[in-house]
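A.B. asks: when you get a sec, could you give me coordinates for this:
(chains A, B, C and D, ligands or ions: 2)
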Amino acid sequence: MKFVVLQFPGSNCDQDCFHVIRNVLGCSVSYVWHKDTSLGETDAVIVPGGFSYGDYLRSGAIAKCSPVMSAVHDFASQGGLVLGICNGFQILTETGLLPGALVRNRDLQFVCEHVYLRVEQESSAFTGASRTGDLIRCPIAHMDGCYYIDSDGLRELRANNQVLWTYTDRDGAATPASNPNGSIHNIAGVCNRAGNVAGLMPHPERAAEDILGEESGLAVFKSMLAFHQSGKAFNAASSAS
Amino acid sequence: MTEPTITPEIVRKHGLTDEEYRQIQQILGREPNITELGIFSVMWSEHCSYKNTRKLLKSFPTRSERVLVAAGEENAGILDIGDGVAIAFKIESHNHPSAVEPFQGAATGVGGILRDIFTMGARPICAMNSLRFGSLDSAEVRRLFRGVVSGIAHYGNCFGVPTIAGEVCFDRSYEGNPLVNAFALGALYTDQIARGAARGVGNPVFYVGPATGRDGLAGAAFASQDLTEESAEQQRGAVQVGDPFMEKLVMEACLELLATGAVAGIQDMGAAGLTCSTCETASRAGTGIEIELDLVPQRAPGMSSYEIMLSESQERMLIIVHKGREEEVRKVFEKWDLPWSRVGEVTDTGQMVVRHHGEIVADISACRLADEAPLYDRESREPEYLTKTRSLSVDQIPDLKPDEIGGALEACLAWPTIASKNWVYRQYDHMVRNGSVVLPGSDAAVIRIKQDSMPVLPNGEVRDFPEKFVAMTVDGNGIYTYLDPYEGGKIAVAEAVRNIAASGATAIGVTDNLNFGNPHNPELFFQLEQAIAGMSEACRHFGIPVTGGNVSLYNQSPNGAIDPTPVVGAVGIFESRDHIVTQWLKKEGNVLILVEPSEWDADPWFGLGGAAFTLMRHRIKAGRPSPCNLDRESLVHRAVRQWIADGLVQASHDCSDGGLLVAVAEMAVSGMVARNHPQLLGVSLDLNSAGATSGLRTDSLLFGELQSRIIIEVAPDAVEQLTDGIPAGVVSRRIGVVGGGRLDLSIDTSHVASWDLNSLHHRWWNAIAEKMDA
Amino acid sequence: MKARIIITPKKAVFDPQGKTVQNTLEHFGHQGISAVHVGKFLEVEISGEEDIEAVRARMDEACRRFLTNPVIEDYTLDIIPS
Amino acid sequence: MKARIIITPKKAVFDPQGKTVQNTLEHFGHQGISAVHVGKFLEVEISGEEDIEAVRARMDEACRRFLTNPVIEDYTLDIIPS
Ligand SMILES: Nc1ncnc2c1ncn2[C@@H]1O[C@H](COP(=O)(O)OP(=O)(O)O)[C@@H](O)[C@H]1O
Ligand SMILES: [Mg+2]
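C.D. replies: Numbers count the residues shown, from 1 in each chain, chains lettered A, B, ... in the order given. Ligands and ions are numbered 1, 2, ... in the order given. Predicted coordinates for the structure are as follows:
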């Protein structure tokens, strides 16, 4: 399977994703520069974390205007797998590829710590290597990670099983205390209606190696790989968000 | 524009003495104009010239087999760590700017130290910081603390460098004059070292980065004055604003550019901006340099040559390019959308020549400007206060009663200097770059160096090397240094090295930040001189070079000078990743062993002189810090490292602030940050066998800060192996057993106190947050 | 010419900054504060003579395209002729 | 009553955010943009009848004391009677 990792000015988790995909997952991977208008041959796109354009104005607001984003739009509308992590999630909501928005953390501070994520449904392309209810322990590192969506949007997300990961405590309970940023319903990550585009604030790529003390985050990448290998595909027509 | 004539008044305002002015006249062979005067004043400020400290700093050892670039040669020192890999690291202070505007002051401090690292051709891979503030009971202190921490977070997080360790202390002496010392470390291949030299006559000189504004005007001169209320007010117009996003682009572009081989020399524009970077690069290469200010990108209209030369706008670099290779340079800058401009060229005249609007506005010998700043021997006198602090005897303070022990430990753990610093480090991204192996919360942080930690190589070359693991820590104790400047300096180094040893690594170099008061005051100069001597002795003893550092003088508020605060950043390497040890307890049934010297130097204060406990409970700074015997200190380090290498040690923690009981409690409560297995594990502690400490007062037994002690956790069946192989001069004492949900304390087999771990953890973990939310 | 844009969080979106400012004001003894909203202010200086309505249309498009996020923000745009 | 406060970076202070927005606007073909300033907007809703000048004085003091950072920011304050 072949991945590409986008690079915007100010991306800073691009190398981390690249490292995990190549050296841990064992897949082929290359970078795509934000000024490029084509993604080249690829099976999946990673929109990495960081501070694209310094997160000036709003996180992800300026990056969504980059030339490469229209190629990402085309790729997604043909059913290609797209995963946004942290700033990548913010960029994908800004572009409208994912519903909702990410606003300032409840405590107004940048927060970097380990959290527990509960996998909400095991049938997606991003969670297939897990079972529903599995816990993933991985870090968050963000200032604007509070997921917001209006009540109609929330109803729709739930109806379509689009919530993929929620913040919980170590026993898997989604409590206010285990919500690190004030996200609505403890939502940590969602996918689009078609299921081929997903985003999450936590960093599974930082929890994918034994030397870093935690490997459960690798499940997200393994799921994408398994989905690809299963030969399943998204129907291009249904994948518009 | 009319040029002001140079009056004695103007000379004084520039912080130059009459004698220094005469020297300037002599170098020029004429009167300086105002631009030249400004240039001399910043280059000859303490900040740039170290005129009051250079002679003292000469006593530091600066060489070892690993040193590739030594202290003072370039913007940061570089050490070889084997297999073709090297590290560059340095610490730098931004105390005064942070007092004026905490957020931007701290942010630009981080920006500055990161530039020092990538200027050397290294990719910055992690950062640390050492902070000092007044008491958190003051709203103003809380404002400064909040601002500084978020400023550091803002810059480091956005730039994309993990801030993986640090220290924070709170003491009234820093009220109005916080200390903000930032450390950065980068990695590079040994053949990638870049030089800050303007080599090659005729080579073009490029300016890269955002346009120059009136930012931080005379910041360097400002950092060399006492901070009075008046000067803080005056400096308000001069605040520099950092742009970490820009710096990230500048860094990536510079590393890419260096890989092309088109660069002949490179230097960041830090303090004294364009002035410092031009004359220093020319001086290092023994060349001259000529620049045209009309070509310098400018943000504000009508800037004078004086302002352009002295501006401290951030994120700017000066790059000297091999003639004929300008096109490669342009391509890289344009890829990264960076503003750049060709501003001049290298000459063979030895002069730094500056033109503006077609006229020469400065024409000065580059090397005499950069290297011939006056050097001073200042008067030194033992401070009078020492007679007073030393006249007190420990007998004058009451010992702890048995029923006070419970409360005393709780109070210690909630004392902001000892309490968990998670309120601070959770605001820092401490994991970006996937290299943070040991996160904040243990003695030393550990970073992994892997292929993508390195700067790019020419033509996409890929080089393999075994992953490297580097330990680092920052330490320093202002109260010790106040009570005994020599011993305080020595202990700063010993403690940093001890933290490295306790983590399983061997220290290979240190960088230091000397935060002191006004050197013209003989008593304050004494502190500086003695502390440097103590640090120097310790470094020599451990055989580790000082690879660079920073001096920040004039740290005083209207209430007087700060406690003299030498801060030491130490770096160590692991022979194997299996030697990495963290401080938290691992397993029920394991045994706790106290490793310490078998003999002690006399300490009439039994570890209570300058101890955190003494200050917290009795509000006094008195006595002397417990002496540190360096021979015995090394024996302890060597023993612990050997046991770690033998695979016997499961956890290890040094005793520092708060002494033995606090150290054990920290081992019990800090396990919640363990990534693979977060947990709280209790201990049954029995101090009846703590030999050297037997017969001591209760407070000194529990909270005395004797030096050279490390507590380790071993499996029960490893105890024998450990005691069999014990080296001479070191003793290991069994002090407890791991397990349960409580910390139980017995002294001489009688049970004296018991604490619930959850509540201890709560007090320790939340103490700072609670103060900040008050 | 100047375009002045005021961007405010939509009423339904939780505004922790507004809440914090309100608490601070109350802490300092300000009474009767029923709400505080914290938003953004943008000023774009445009030189060269141009039709005011054309500028408004252009800036309005920029607002919708990236200066604001309609999911969470409202905005008002004013064009001030020089 | 409402207090509307516009906080902008001081003109002499570097505004990297404004500069980045300016670059983006130019990138989209907006011409003749000489500067962009990005600041903050605060709206404080005050209930209870009170003298407009008294409110202004109170809010002005709050601006100087903690709502703005006088080291790097300027502000304008408007009071809008209800
Ligand atoms: N300003 C800071 N930034 C990052 N980490 C910090 C900071 N202050 C303290 N820490 C971390 O908290 C832990 C405890 O710090 P400290 O009590 O100073 O340790 P020690 O006494 O072992 O040197 C260390 O891991 C340290 O790196
Ligand atoms: Mg320690």
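
A.B. asks: can the host helix or strand of residue B:184 be said to contact chain A?
C.D. replies: For residue B:184, the host element (DSSP states H and E) is strand B:179-189. No. Strand B:179-189 does not reach chain A (CB under 8 Å from any CB of the partner chain); its nearest approach is 12.9 Å. No exception for glycine: its C-beta is placed from N, CA and C like everyone else's.

A.B. asks: show me what counts as buried in stretch C:16-23.
C.D. replies: For stretch C:16-23, a neighbour-count test (16 or more other CB atoms under 10 Å in any protein chain shown) marks C:16, C:17, C:18, C:19, C:21, C:22 as buried.

A.B. asks: adding secondary structure as columns, could you present these in JSON lines?
C.D. replies: Formatted as JSON lines, these follow (DSSP: H, G, I helix; E, B strand; the rest coil):
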{"residue": "C:16", "secondary structure": "helix"}
{"residue": "C:17", "secondary structure": "helix"}
{"residue": "C:18", "secondary structure": "helix"}
{"residue": "C:19", "secondary structure": "helix"}
{"residue": "C:21", "secondary structure": "helix"}
{"residue": "C:22", "secondary structure": "helix"}
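
A.B. asks: that older thread, just the CA trace of the strand holding residue B:184, in PDB.
C.D. replies: Coordinates of each C-alpha in strand B:179-189 appear next as PDB, following Å, rounded to 0.1, in the frame of the first residue of the first chain:
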ATOM      1  CA  LEU B 179      14.700  34.100  35.300                       C
ATOM      2  CA  VAL B 180      14.000  32.600  31.900                       C
ATOM      3  CA  ASN B 181      16.800  30.400  30.600                       C
ATOM      4  CA  ALA B 182      16.100  28.400  27.500                       C
ATOM      5  CA  PHE B 183      18.100  25.400  26.300                       C
ATOM      6  CA  ALA B 184      18.000  23.800  22.900                       C
ATOM      7  CA  LEU B 185      19.800  20.700  21.400                       C
ATOM      8  CA  GLY B 186      20.200  19.800  17.800                       C
ATOM      9  CA  ALA B 187      21.600  16.900  15.900                       C
ATOM     10  CA  LEU B 188      23.900  16.800  12.800                       C
ATOM     11  CA  TYR B 189      26.400  14.600  11.000                       C
END
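
A.B. asks: go ahead and measure how far the helix or strand that it is followed by is from the middle of the chain.
C.D. replies: Where DSSP H and E defines the elements, the next helix or strand beyond strand B:179-189 is strand B:204-208. Remark: strand B:204-208 is offset 31 Å from the chain centroid, using CA atoms, centre = their mean, to the nearest Å.

A.B. asks: packing partners of strand B:204-208?
C.D. replies: Secondary-structure packing of strand B:204-208 (3 or more CB pairs under 8 Å, 6 or more residues apart in numbering or on different chains; DSSP states H and E): helix B:244-260, strand B:317-321, helix B:326-335, strand B:340-347.

A.B. asks: one more pass at 6 Å, please.
C.D. replies: Applying 3 or more CB pairs under 6 Å, 6 or more residues apart in numbering or on different chains; DSSP states H and E, we find strand B:204-208 packed against strand B:317-321, strand B:340-347.

A.B. asks: CSV for those strands, including mean neighbour count and mean pLDDT?
C.D. replies: Converted to CSV, these look like this (neighbours: other CB atoms under 10 Å in any protein chain shown; pLDDT from 0 to 100):
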stretch, mean neighbour count, mean pLDDT
strand B:317-321, 27, 97
strand B:340-347, 21, 97
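
A.B. asks: for the ones you listed, which one sits closest to ligand 2?
C.D. replies: Among the helices and strands packed on strand B:204-208, strand B:317-321 comes nearest to ligand 2, with 36.9 Å by CB to the ion.

A.B. asks: helices and strands around the closest one, which ones?
C.D. replies: Using 3+ CB pairs under 6 Å, 6+ apart, the elements in contact with strand B:317-321 are strand B:204-208, strand B:263-268.

A.B. asks: using CSV, write out the CA atom coordinates for the first one.
C.D. replies: What follows is strand B:204-208 as a C-alpha-only set of coordinates in CSV (Å, rounded to 0.1, in the frame of the first residue of the first chain):
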residue,chain,number,x,y,z
PRO,B,204,27.8,38.0,-1.7
VAL,B,205,26.0,38.5,1.6
PHE,B,206,22.3,37.6,1.9
TYR,B,207,19.7,38.7,4.4
VAL,B,208,16.9,36.2,5.0
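
A.B. asks: in chain C, which residue sits closest to ligand 1?
C.D. replies: Proximity of chain C to ligand 1 (CB to the nearest ligand atom) peaks at residue C:20, 23.7 Å away.

A.B. asks: name the nearest residue to that residue, sequence neighbours excluded.
C.D. replies: Among residues not flanking residue C:20 along the chain, residue A:108 sits closest, at 6.3 Å (CB to CB, 6 or more residues apart in numbering or on different chains).

A.B. asks: wait, is the one you found part of a helix?
C.D. replies: No. According to three-state DSSP, residue A:108 belongs to no helix; its state is coil.

A.B. asks: check the gap between it and ligand 1 for me.
C.D. replies: Taking CB to the nearest ligand atom, to the nearest Å as the measure, residue A:108 falls 19 Å from ligand 1.

A.B. asks: that residue: neighbour count?
C.D. replies: Per other CB atoms under 10 Å in any protein chain shown, the neighbour tally for residue A:108 reads 14.

A.B. asks: next one: the one 10 residues further on
C.D. replies: Residues within reach of residue A:118, counting by other CB under 10 Å, total 23.

A.B. asks: list the contacts for it?
C.D. replies: When contacts are counted by CB atoms under 6 Å, 6 or more residues apart in numbering or on different chains, residue A:118 touches A:135, A:166, A:168, A:172.

A.B. asks: thinking again about what came up before, for the helix or strand hosting the residue of chain C closest to ligand 1, the averaged confidence score.
C.D. replies: Following DSSP H and E, one finds residue C:20 within helix C:16-27. In this model, helix C:16-27 has an average pLDDT of 93.

A.B. asks: and if you look at stretch A:28-46?
C.D. replies: On average, stretch A:28-46 scores 97.

A.B. asks: how long is it from one end to the other?
C.D. replies: Stretch A:28-46 has an end-to-end distance of 13 Å (CA to CA, to the nearest Å).

A.B. asks: show me what the nearest residue to residue B:472 once chain neighbours are set aside bridges to in the sheet.
C.D. replies: In this structure, residue B:472 finds its nearest non-sequential neighbour in residue B:571, 4.9 Å apart by CB to CB, 6+ apart. Beta-bridge partners recorded for residue B:571 (DSSP bridges): residue B:472, residue B:509.

A.B. asks: so is the longest strand along chain C next to chain D?
C.D. replies: Scanning chain C for the longest strand, with DSSP state E as the assignment, gives strand C:33-46. Yes. For strand C:33-46 and chain D, the contact criterion (CB under 6 Å from any CB of the partner chain) is met by C:33-46.

A.B. asks: list buried residues within these.
C.D. replies: Neighbour counting over the residues of strand C:33-46 next to chain D (16+ other CB under 10 Å) leaves C:33, C:36, C:37, C:38, C:39, C:40, C:41, C:42, C:43, C:44, C:45, C:46 as the buried ones.
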